[in-house]
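> A predicted structure for the sequence below; I have some questions about it.
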Amino acid sequence: MPELIPVASDDAVVLRDALARALDGGPAIGLGMLGGESTTVSEGVAVVIATSGSTGVPKRVMLSAEALRAGAEATAARVGAGRWLLALPASYVAGLQVLTRSILSGTEPNVLSGKFSPLAFAEATLSLVREGGADDALFTSLVPAQLSTLLDAADETAVRASLTAYSAILVGGQALPEPIRERAAELGVRIVRTYGSSETSGGCVYNGIPLDTAAVRTVDGELQIAGPMLADGYLGDPERTDRIFVRDAHGIRWYRTGDLGIVEDGVVRVHGRADNVIVSGGINVSLDRVERVVRNIPGLAGAVVVGIEDPRWGEASVIVAARGEALRRTEAEQLEHARQAVADGIGKHARPARLILVDEIPTLASGKPDRETIRRAVAGPR
């Protein structure tokens with residue numbers, strides 16, 4: 001069986017070279033792998049991404065060269081080809097695909113090194129512009145928190161110019177709050193909302209429309225995805241692989257996303273995680289739906305909603321928000337506004353019980369909220 005070589009993901013140059021070899025039939029590379037893990041993979045695997053996601057459940061996703069190429073080529077067919085800025089950790093699939101697209105297009109990505117900041121982003125973008133040709137299209141991938149940070153600094157000419165320099169900024173990893181999307185549109189920033197995961201070689205649904213080689217269906221309310229960009233499965237976990245990747249009566253292989261949603265007239269609408277549900281007063285409440293409503297409230301665009309035990313209702317939802325963002329009203333007024341918005345949008349049974357202000361929302365290296373850490377902190381002593 002082919003060898004799996006761990007590669008440090010904090011050196012984008014080394015990783016790019018190793019990835020290029022893996023895509024060309026060389027040794028498979030392991031990202032985020034721990035000592036003592038399997039050092040061999042099945043034939044055709046190019047990359048293994050070790051990730052726990054936001055729920056804390058560990059998994060090691062095996063991606064073939066064919067799957068990575070299929071995802072990258074489908075993206076180019078949808079948004080165009082050009083030069084990329086790597087502003088995300090390459091150990092996560094969105095960052096990895098920036099490298100893959102660059103390799104396939106024969107270009108060198110510019111790498112935003114060090115801590116992400118509006119100034120660093122502007123400088124990296126300027127460097128990307130200077131190094132390319134006059135007609136080169138520019139692209140990058142961000143998570144919503146990064147985009148929000150840039151929009152907050154858009155009064156600076158350099159930051160605003162850098163945002164509008166891109167033909168498309170892919171935004172994924174979590175739902176994009178509507179206020180952030182609207183602010184970007186007002187500034188002329190070309191945002192593409194992406195939906196996907198490591199198991200689909202990154203985003204494979206752009207602005208609600210599946211990429212040309214992808215298909216999306218629902219089974220019992222769960223979104224499922226098919227296409228050549230699907231992962232081979234999970235390293236060392238055939239049981240999970242068989243449970244998550246299923247074949248239909250025609251032999252087509254589908255990935256069970258675990259997300260609830262609908263497909264209407266070819267447009268995919270994601271409602272939230274099937275497992276991110278609490279039972280409050282005997283009624284199921286989707287925390288993702290509550291969070292979407294809350295994030296549309298001014299001052300709460302970056303808020304996270306988690307569930308806790310409640311002595312009266314069994315379980316209840318709690319809003320966790322950064323102090324600087326949330327205190328546009330008093331804490332009590334902000335909570336009441338959120339409760340009313342949730343009651344109007346979902347129902348009284350879904351109203352959050354509390355609003356907790358923190359100095360900073362804990363995040364994973366991918367930029368997503370670290371929901372498990374947030375949940376544990378909120379569930380502690382009041």
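Nice, I can see it.

> give the contact list for Ser198.
By Cβ atoms under 8 Å, 6 or more residues apart in numbering, the residues touching Ser198 are 49, 51, 59, 61, 63, 92-93, 231. Backbone N, C-alpha and C define where each C-beta goes, glycine included.

> where exactly do the helices run in the stretch 51-200 of the chain?
Using DSSP state H, counting those that start in this stretch, the helices assigned to the stretch 51-200 of the chain run over residues 65-79, 93-105, 118-131, 144-152, 157-164, 178-186.

> looking at these, which is buried most?
Highest mean neighbour count among the helices of the stretch 51-200 of the chain (mean count of other Cβ atoms under 10 Å): helix 93-105, with a mean of 24.

> quick one: that one to chain centroid distance?
15 Å (Cα atoms, centre = their mean, to the nearest Å).

> ditto for stretch 155-173
Going by Cα atoms, centre = their mean, where stretch 155-173 is centred and where its chain is centred differ by 18 Å.

> and the end-to-end length of it?
By Cα to Cα, to the nearest Å, the extent of stretch 155-173 from end to end equals 26 Å.

> measure Gly307 to Val318 for me?
7 Å (Cβ to Cβ, to the nearest Å).

> per-domain residue ranges of this protein.
65-264, 276-379 (automatic domain parsing).

> which one's the longest strand in the protein?
Using DSSP state E, we find that the single longest strand of the chain is strand 253-264.

> count of residues packed around the nearest residue to Ser102 once chain neighbours are set aside?
Nearest residue to Ser102 in three dimensions, chain neighbours excluded: Pro109, at 4.2 Å (Cβ to Cβ, 6 or more residues apart in numbering). Other residues lying near Pro109 total 24 when counted by other Cβ atoms under 10 Å.

> so Pro109 sits right up against Val98, yeah?
Yes - in this structure, Pro109 is within contact of Val98 by Cβ atoms under 8 Å, at 5.8 Å.

> anything in contact with each of these two?
84-86.

> of all those residues, which comes closest to Glu156?
Leu85 (17.8 Å; Cβ to Cβ).

> please name the bridge partners of the closest one.
Asn110, Thr140 (DSSP bridges).

> gap between it and Ala321?
Leu85 is 29 Å from Ala321, by Cβ to Cβ.

> likewise Ala124?
For Ala124, the distance to Ala321 - Cβ to Cβ - is 29 Å.

> then Gln174?
For Gln174 relative to Ala321 (Cβ to Cβ), the value is 15 Å.

> of the two, which one has the most company?
Using other Cβ under 10 Å, the more surrounded residue of Gln174 and Ala321 is Ala321, with 26 against 19.

> what's opposite the more buried one in the beta bridge?
Using DSSP bridges, the bridge partners assigned to Ala321 are Leu357.

> swap in Ser64?
Under DSSP bridges, the beta-bridge partners of Ser64 are Val45.

> once you drop chain neighbours, what's closest to Glu360?
Ala322 (6.1 Å).

> report how many residues lie close to that neighbour.
Quick note: Ala322 (other Cβ under 10 Å) scores 17 neighbours.

> do the same with Glu264
9.

> ditto for Leu223
Other residues close to Leu223 by other Cβ under 10 Å number 25.

> got phi/psi on it?
Per-residue torsions, Leu223: phi -80, psi 130 (degrees, to the nearest 10).

> quick one: average confidence on stretch 91-104?
Across stretch 91-104, the average pLDDT comes to 94.

> alpha carbons only: can I get that stretch in CSV?
Only the C-alpha atoms of stretch 91-104 are listed here, as CSV (Å, rounded to 0.1, in the frame of the first residue of the first chain):
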residue,chain,number,x,y,z
SER,A,91,-4.2,22.1,6.7
TYR,A,92,-7.9,22.7,6.1
VAL,A,93,-9.5,21.8,2.8
ALA,A,94,-10.3,25.4,1.7
GLY,A,95,-6.7,26.4,2.0
LEU,A,96,-5.5,23.1,0.5
GLN,A,97,-7.7,23.7,-2.6
VAL,A,98,-6.1,27.2,-3.0
LEU,A,99,-2.8,25.3,-3.5
THR,A,100,-4.4,22.7,-5.7
ARG,A,101,-5.9,25.3,-8.0
SER,A,102,-2.6,27.2,-8.2
ILE,A,103,-0.8,24.0,-9.1
LEU,A,104,-3.2,23.0,-11.8
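
> can you pull the contacts of Tyr92?
Residues counted as contacts of Tyr92 (Cβ under 8 Å, 6+ apart) are 49, 51, 198, 365-366.

> er, Ala18 I mean
If you count contacts by Cβ under 8 Å, 6+ apart, then Ala18 has 5, 7, 26-27, 29 around it.

> turn the residues you listed into a markdown table, columns for pLDDT.
Shown next, in a markdown table, are these (pLDDT from 0 to 100):
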| residue | pLDDT |
| --- | --- |
| Ile5 | 87 |
| Val7 | 84 |
| Gly26 | 91 |
| Pro27 | 91 |
| Ile29 | 94 |
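
> buried ones among those?
In those, burial by neighbour count holds for 5, 7, 26, 29, counting by 16 or more other Cβ atoms under 10 Å.

> which SS state does the residue of the chain most remote from its centre fall under?
Distance from the centre of the chain peaks at Arg312, with 34.7 Å (Cα atoms, centre = their mean). Following DSSP: H, G, I helix; E, B strand; the rest coil, we place Arg312 in the coil state.

> so Arg193 makes contact with Leu176?
Yes - here Arg193 reaches Leu176: they are 5.2 Å apart, a contact under Cβ under 8 Å.

> between these two, which is the more surrounded one?
Leu176 (22 against 16).

> distance-wise, check that one relative to Asn207.
Distance of Leu176 to Asn207, given as Cβ to Cβ: 10 Å.

> if you rank every helix and strand of the chain by mean pLDDT, what lands last?
helix 323-326 (a mean of 66; mean pLDDT, DSSP states H and E).

> need the next SSE after it, C-terminal direction.
Once helix 323-326 ends, the next helix or strand along the chain (criterion: DSSP states H and E) is helix 331-345.
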